[in-house]
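1. Sequence isn't available, so here's the structure alone:
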Ligand code: LLP
């Protein structure tokens with residue numbers, strides 16, 4: 001479906017643009033979430049209205065933010081022959097993939113399923129790099145048949161398999177070795193990949209010998225070198241250090257086998273702690289930024305650090321950003337079901353859980369949480385249980401309009417309904433008073449949000465909406481109870497005997 005046709009116009013929109021910097025070319029604001037008349041908007045769409053239509057929990061993404069990030073990165077890299085391969089794992093909804101494919105992006109994929117999605121979204125397999133430490137023979141065949149740009153090979157054993165399968169199919173397999181430069185990216189231990197203790201890649205000192213073996217394999221074409229040191233990296237130095245370590249190998253391979261590209265991976269971090277404020281250009285320009293925001297890495301700082309190291313290689317440079325493109329382009333909307341006071345603690349129990357957004361539980365990640373209606377309480381109306389694709393909760397048409405002008409700050413835990421103590425979004429968070437029925441936006445949820453969601457506690461997966469300007473469209477329906485048992489074998493079917 002054409003992107004334009006997918007969107008519907010929001011009924012009440014105010015086209016006076018609160019985000020006046022939106023159309024400036026390179027240094028515009030970094031996301032398009034903002035308050036207009038006290039109501040949180042995504043671009044020109046009132047988020048309370050979207051929640052009213054589709055219920056909560058609900059992921060909402062800003063198309064303009066995604067494209068703005070892509071275009072700014074693309075423009076900053078203009079001095080290089082480059083290809084941005086969006087890391088589909090960050091958010092693989094086909095509508096998002098199509099946005100980026102239409103903008104000219106390639107894709108970094110890590111499974112047959114991701115390749116399938118990219119193809120369904122109209123992506124070009126000739127711009128796809130296939131990464132991952134455990135590709136199956138079936139996935140290799142599929143990627144070979146589709147003529148992907150490169151297999152990023154992570155071990156000698158994998159190289160052997162790709163060679164065998166390519167020979168059997170009488171096809172040539174284009175490969176790059178993923179080398180591990182042993183650089184500390186100073187990020188969470190679970191998202192660090194470029195150290196020797198990690199399972200990823202091939203140690204730099206072994207790479208030359210394995211390339212040599214590859215050069216002697218009949219159906220293998222050596223096309224590049226790849227590396228990726230980790231994710232949510234908020235300083236430029238580790239990227240530059242890693243490039244410096246790998247460049248000698250790249251030069252040697254260019255000379256000896258004529259490789260086509262050097263892929264420097266993804267990993268650019270985004271702002272989580274001041275997510276909302278960082279949407280304004282002024283925040284980035286401000287010299288009085290707080291300690292939380294000091295960890296912000298701008299696209300320009302990143303490119304300034306890497307460009308001088310890559311320029312005279314005269315090779316195509318591939319980048320694999322995921323989070324940078326989609327992270328701050330998404331929020332998770334959630335309604336407050338109950339307020340609970342126990343001893344010293346106050347909890348807001350919301351309708352989203354760790355099954356919808358697992359990052360706080362898994363990595364203790366910080367996500368900023370803000371009210372959708374500034375100083376305003378919105379009542380939730382209960383709907384019958386979710387037997388259809390309808391949402392379990394819906395905003396009441398008669399929202400309580402009591403403007404709470406003197407909201408006090410308080411410490412509160414924002415927790416989900418899942419039966420796990422790890423089911424939290426914020427612990428002891430200082431926030432304006434939260435009340436039952438409030439609608440909250442969990443910021444920076446566009447990357448590694450929905451894609452890591454599960455049905456734990458038999459909770460249907462949330463819906464997803466894409467906004468563009470004053471239009472919005474449902475890009476994934478909320479799951480129903482029926483969806484939860486789809487694919488399970490009937491409980492009435494007798495067990496079969498041993499064969
Ligand atoms: N390239 C490779 C080889 C990767 O493994 C990854 C991410 C990327 C590119 C994209 O990295 P990004 O630009 O998005 O940082 N679930 C974790 C993040 C895991 C990242 C896995 N690999 C989180 O929620 O923080």
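-> Received the coordinates, thanks. Only a predicted model underlies this, so the values are computations on that prediction, with no experimental measurement involved.
2. my read: residue 221 touches residue 166, true?
-> No: using CB atoms under 8 Å, residue 221 is not in contact with residue 166; the gap is 9.3 Å. No exception for glycine: its C-beta is placed from N, CA and C like everyone else's.
3. so what sits against both of these two?
-> With contacts defined as CB atoms under 8 Å, 6 or more residues apart in numbering, the residues shared by residue 221 and residue 166 are 172, 173.
4. which one of these two has more residues nearby?
-> residue 166 (23 against 17; other CB atoms under 10 Å).
5. host element of the more buried one?
-> Element membership for residue 166 (DSSP states H and E) is helix 156-168.
6. helices and strands around that helix, which ones?
-> Helix 156-168 sits against helix 137-145, strand 150-153, strand 173-180, helix 204-215, strand 220-226, with contacts defined as 3 or more CB pairs under 8 Å, 6 or more residues apart in numbering; DSSP states H and E.
7. and stretch 110-124, how far from the chain's centre?
-> Stretch 110-124 sits 16 Å away from the centroid of its parent chain (CA atoms, centre = their mean, to the nearest Å).
8. residues making contact with that stretch?
-> So stretch 110-124 is contacted by 88-89, 92, 94-95, 97-98, 101-102, 105-107, 109, 125, 128, 130-132, 136, 138-139, 142-143, 146, 148 (CB under 8 Å, 6+ apart).
9. 6 Å - rerun?
-> 88-89, 92, 94, 97-98, 101, 107, 109, 131-132, 139, 142 (CB atoms under 6 Å, 6 or more residues apart in numbering).
10. neighbouring contacts of the longest strand seen in the chain?
-> Identified as the longest strand of the chain according to DSSP state E is strand 330-342. Strand 330-342 is contacted from outside by 51, 56-61, 347-352, 357, 380, 393, 434, 436, 438-443, 445-446, using CB under 6 Å, 6+ apart.
11. Buried only: go through these for me.
-> 51, 56-61, 347-352, 357, 380, 393, 434, 438-443, 445-446 (16 or more other CB atoms under 10 Å).
12. ok, back up a step: quick one: strands adjacent to the longest strand of the chain?
-> The strands that strand 330-342 pairs with in its sheet are strand 58-62 (antiparallel), strand 345-350 (antiparallel), strand 439-442 (antiparallel) (by DSSP bridges).
13. Quick check: closest non-adjacent residue to whichever residue of the stretch 51-200 of the chain sits closest to the ligand.
-> In the stretch 51-200 of the chain, the residue that lies nearest the ligand is residue 87 (3.5 Å; CB to the nearest ligand atom). Excluding its sequence neighbours, the residue lying closest to residue 87 (CB to CB, 6 or more residues apart in numbering) is residue 322, at 3.2 Å.
14. buried ones in the helix or strand where residue 116 lies?
-> Following DSSP H and E, one finds residue 116 within helix 112-120. Neighbour-count burial for helix 112-120 flags 112, 114, 115, 117, 118, 119 (criterion: 16+ other CB under 10 Å).
15. Strands along the stretch 251-400 of the chain, start to end?
-> Assigned by DSSP state E, counting those that start in this stretch, the stretch 251-400 of the chain shows strands spanning 261-263, 316-319, 330-342, 345-350, 369-371, 380-382, 393-395.
16. Can you identify the element that follows the last one toward the C-terminus?
-> Toward the C-terminus, strand 393-395 is succeeded by strand 409-415 as the next helix or strand (DSSP H and E).
17. Provide the strand pairings for that next one, with the direction of each partner.
-> strand 345-350 (parallel), strand 424-432 (antiparallel).
18. among those, which is nearest the ligand?
-> strand 424-432 (13.9 Å).
19. Any part of that closest one near the ligand?
-> No: contact of strand 424-432 with the ligand (CB under 6 Å from any ligand atom) is absent, the minimum separation being 13.9 Å.
20. From the rest of the structure, what touches that strand?
-> 360, 369, 407, 409, 411, 412, 413, 414, 415, 442.
21. List the buried residues in it.
-> For strand 424-432, using 16+ other CB under 10 Å, the buried residues are 424, 425, 426, 429, 431, 432.
22. Stretch 69-78 too?
-> Buried-residue list, stretch 69-78, by 16+ other CB under 10 Å: 69, 70, 72, 73, 74, 76, 77.
23. go on, stretch 164-181?
-> In stretch 164-181, counting by 16+ other CB under 10 Å, buried: 165, 166, 173, 174, 175, 176, 177, 178, 179, 180, 181.
24. same question, stretch 466-485
-> 466-480.
25. ok, back up a step: please convert the helices and strands packed on helix 156-168 to CSV, extending it with distance to the ligand and mean pLDDT.
-> Below are the helices and strands packed on helix 156-168 laid out as CSV (distance: least, CB to the nearest ligand atom, whole Å; pLDDT from 0 to 100):
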stretch, distance to the ligand, mean pLDDT
helix 137-145, 15, 98
strand 150-153, 7, 98
strand 173-180, 7, 97
helix 204-215, 16, 96
strand 220-226, 8, 98
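26. Count the residues that sit near residue 336.
-> Under the neighbour criterion other CB under 10 Å, residue 336 is assigned a count of 22.
27. what's the nearest residue to it if we skip its chain neighbours?
-> Counting by CB to CB, 6+ apart, the residue nearest residue 336 is residue 438, at 4.5 Å.
28. From residue 431, how far out is that neighbour?
-> Distance of residue 438 to residue 431, computed by CB to CB, to the nearest Å: 10 Å.
29. and residue 305, which of the strands paired with strand 409-415 is closest to it?
-> Between residue 305 and the strands paired with strand 409-415, the shortest gap by CB to CB is with strand 424-432, which sits at 32.9 Å.
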